[in-house]
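Peer 1: Just to be clear, the model below is a prediction. Sequence and coordinates:
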Amino acid sequence: MQDYDDEPVQRPRWLGWVIIIGMILVVLGLLNLGARMIIGTSSDQVAAQTVAAVAEHNPALVGGKTLIDGSDCMRCHGVERKFVGPGLVEIAQRYKDRADAQAYLAQKIRQGSVGEWGRTIMPRHPQVTEAQSLEMAQWIMALADQKTP
């Protein structure tokens, strides 16, 4: 009777190279993610400059910015970037020619909407008062004049 366990199983060499290359790609991806988290992205810096420019030109609107920061708006909207919903600058530029833009946006903040920006649903925010939603809308509309890169 012959013992076959003495000889190791030969695996193809290419399998080892695939594993090594895969591990290198994972490490590079993690390094890239870490660098972005530590350094920050340039779009975040551009958004901060946009917000600072609006606050500098009209300090009375800072209350609307404070309300937006204190609510859940920034979970779905970025200042310049689109997340779940459109960016605030994009919203402002879309409605800047509308005469009742601030009242319209204030209504959309409180009542929500469906189908305005594709299939994305904007949930209702009944906890926001009418005056607060109008302040938020004024802040958003002030972003329309900002130049986006």
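Peer 2: Good, I have the coordinates. Residues are numbered from 1 along each chain as shown.
Peer 1: What pLDDT does the model give residue 53?
Peer 2: At residue 53, the predicted lDDT confidence score is 68.
Peer 1: go on, residue 74?
Peer 2: At residue 74, pLDDT is 85.
Peer 1: these two touch, right, it and residue 68?
Peer 2: Yes - between residue 74 and residue 68 there is a contact under CB atoms under 8 Å: 6.9 Å. In short, each C-beta sits where N, CA and C put it, glycine included.
Peer 1: between those two, which one's more packed in?
Peer 2: Per other CB atoms under 10 Å, whichever of residue 74 and residue 68 has more neighbours is residue 68, with 21 against 13.
Peer 1: which residues touch that one?
Peer 2: 74, 88, 136, 139, 140 (CB atoms under 8 Å, 6 or more residues apart in numbering).
Peer 1: so which of the residues you listed comes closest to residue 106?
Peer 2: Distance ranking of the contacts of residue 68 against residue 106, using CB to CB, places residue 136 first at 7.1 Å.
Peer 1: list the contacts for the closest one?
Peer 2: Shown in contact with residue 136 (CB under 8 Å, 6+ apart): 64, 67, 68, 71, 73, 105, 106, 109, 128.
Peer 1: Now with 10 Å, please.
Peer 2: By CB atoms under 10 Å, 6 or more residues apart in numbering, the residues touching residue 136 are 61, 63-68, 71, 73, 88, 102, 105-106, 109-110, 125, 128.
Peer 1: In strands, which of the residues you listed appear?
Peer 2: Per DSSP state E, strands hold no members of the contacts of residue 136.
Peer 1: Tell me which of these fall in helices.
Peer 2: 63-68, 73, 88, 102, 105-106, 109-110 (DSSP state H).
Peer 1: Please indicate which of the residues you listed are buried?
Peer 2: By neighbour count, with 16 or more other CB atoms under 10 Å, the ones in helices among the contacts of residue 136 hold 64, 65, 67, 68, 73, 88, 102, 105, 106, 109, 110 as buried.
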